[in-house]
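K.L.:
next comes the sequence, and after it the predicted model I'd like to discuss.
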Amino acid sequence: MTKKNICLDVKKGSELINSNLFRPPYGKINLRSIFSLKKTYEIIMWDINSGDFDRGISSKEVINNVVANSRNGSIVVLHDNENFKSLILPSLLPIIKGLKEKGFSFRAIPYHPLK
């Protein structure tokens, strides 16, 4: 996509969720878009990919991917849509429990409304 199209897409999305946070799809973004988007948005990347998008992965594997690889300050990407809810819903509580047992706590990423 062109920088212009990326910026327009992000603007449309931010109007729906009223947030200055942006997570690039697939973690991919070009440098020109970064410079333009950083004027308005905070670009958030993740360091833990649960693997929940893989149709061949089990709930146990998703849980292990997150719990085994999390470190202090980790940001975990989980997909909360119709395609993946049957995998994520049974995985979420065991993930939370596993991370708490390791001494982790949870915080929302601070954001600023755009309106």
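P.N.:
Alright, I've got the coordinates.
K.L.:
quick one, domains of this structure?
P.N.:
3-43, 48-101 (automatic domain parsing).
K.L.:
nearest to L114, of these?
P.N.:
domain 3-43 (5.7 Å; CB to CB). To be clear about C-beta, it is placed using only N, CA and C from the backbone, and glycine gets the same treatment.
K.L.:
start to end distance for that closest one?
P.N.:
Start-to-end span of domain 3-43 (CA to CA, to the nearest Å) is 15 Å.
K.L.:
what's the closest of the domains of the chain to I109?
P.N.:
Nearest of these (CB to CB): domain 3-43, 6.3 Å.
K.L.:
S70 and F104: what is the separation?
P.N.:
6 Å (CB to CB, to the nearest Å).
K.L.:
of these two, which one has the most company?
P.N.:
S70 (18 against 15; other CB atoms under 10 Å).
K.L.:
surely that one touches E101?
P.N.:
No. Under the criterion of CB atoms under 8 Å, S70 lies out of contact with E101, with a separation of 11.5 Å.
K.L.:
need the contact list for N69.
P.N.:
I48 (CB atoms under 8 Å, 6 or more residues apart in numbering).
K.L.:
quick one, phi psi at the residue nearest the centre of the chain?
P.N.:
With distances taken as CA atoms, centre = their mean, the residue of the chain nearest its centroid is V77 (3.7 Å). Here is the backbone geometry of V77 (degrees, to the nearest 10): phi -100, psi 120.
K.L.:
do a quick rundown of the helices in the chain.
P.N.:
Using DSSP state H, the helices of the chain run over residues 3-17, 31-37, 59-69, 85-101.
K.L.:
which strands and helices sit next to the last one?
P.N.:
Applying 3 or more CB pairs under 8 Å, 6 or more residues apart in numbering; DSSP states H and E, we find helix 85-101 packed against helix 59-69.
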